[in-house]
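A predicted structure for the sequence below; I have some questions about it.
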Amino acid sequence: MTTFLIGFMGSGKSTIARQMSADFIDMDAMIVERIGMPIAAFFETQGEAAFRQIEKSVLSELVVSDKVVSTGGGIVISPVNRQILKDAVAKVIYLKSDFDSLYNRISSDTDNVRPIFVNSSRQALEAIFNTRQPLYEEVASQIIDVTDKTPSQIVQEVKEFQA
Ligand SMILES: Nc1ncnc2c1ncn2[C@@H]1O[C@H](COP(=O)(O)OP(=O)(O)O)[C@@H](O)[C@H]1O
Ligand SMILES: O=C(O)C1=C[C@@H](OP(=O)(O)O)[C@@H](O)[C@H](O)C1
Ligand SMILES: [Mg+2]
C-alpha cells in the first residue's frame, strides 16, 4: 500500500521518507527530474500554477506506486488533490508541528530553496501555514506531532501506529 507523507514545508517529509524506505519517492525530486530545473527556477519562469498542474499529475501517478512518498508541502491546496488522497487506498501521514519550529528549520535549511519561503514574509508564511493546517488534517489517516523529535523517533512512531 502506498504511504504518503504530508505536512508543511520543513516538517521532515523528505527526511522521514528516506529513513522509512530505501526506495522512497520524493515528489519534488521527481518533478525536478521532469521539469529539468530547480523548483524555484520553475516558479520564477513558469509560475506556481504550472507547478501545481504537474504536482497533481504526479500525485495521480503515485497513488498506486506502493511506495513511501514524500509530498510537497502544498499538495493539499488543490481540492482535487485532497480528493485523490481521500479516495486512495493509501496511508496519509501528517507530520505536524508548530509554525515557529518549522520556520526555524526552513530558515536554516541551506540544501533546499523553497520559493514560497523565499518570497514570503514570516507573517505571510504563517498565514499560509494557518490556512493549510485544516487541509492536512482533512486528508490525514494518521497525525504525528514531530515537534522536538528525532527522525528515528518519528519513524518508530509511524511503525507503532501501523503495527
Ligand atoms: N526530526 C527532525 N529533527 C530535526 N531536523 C529535521 C527533522 N526532520 C527534518 N529535519 C531537517 O529539517 C529540514 C527540512 O527537512 P525536509 O525533510 O526537507 O522537510 P520537508 O520535506 O517536509 O520540507 C532539513 O534541513 C532536515 O535536515
Ligand atoms: O509548501 C509548498 O507549497 C511547497 C513545498 C515544497 O516541498 P517541501 O514541503 O518538501 O519543502 C515544494 O513542493 C515547493 O517549494 C512548494
Ligand atoms: Mg521535501
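Structure received. Numbering: from 1, shown residues only. Ligands and ions are numbered 1, 2, ... in the order given.

where exactly do the helices run in this structure?
Per DSSP state H, the chain carries helices over the ranges 13-20, 27-35, 39-45, 48-62, 79-87, 99-107, 115-118, 122-139, 151-162.

winner for burial among the ones you listed?
Highest mean neighbour count among the helices of the chain (mean count of other CB atoms under 10 Å): helix 13-20, with a mean of 21. In this view, the C-beta of every residue, glycine as well, is placed from N, C-alpha and C.

for it, packing partners?
Judged by 3 or more CB pairs under 8 Å, 6 or more residues apart in numbering; DSSP states H and E, helix 13-20 is in contact with strand 2-6, strand 25-26, strand 68-70, helix 151-162.

for residue 23, what are its contacts?
If you count contacts by CB atoms under 8 Å, 6 or more residues apart in numbering, residue 23 has them with residue 67.

give me the phi and psi angles of it.
phi -110, psi 40 (degrees, to the nearest 10).

that one and ligand 2: what is the separation?
18 Å (CB to the nearest ligand atom, to the nearest Å).

likewise for residue 133?
13 Å.

if we can go back for a sec, which of the helices and strands packed on helix 13-20 has the lowest mean pLDDT?
Here the lowest mean pLDDT among the helices and strands packed on helix 13-20 goes to helix 151-162, at a mean of 90.
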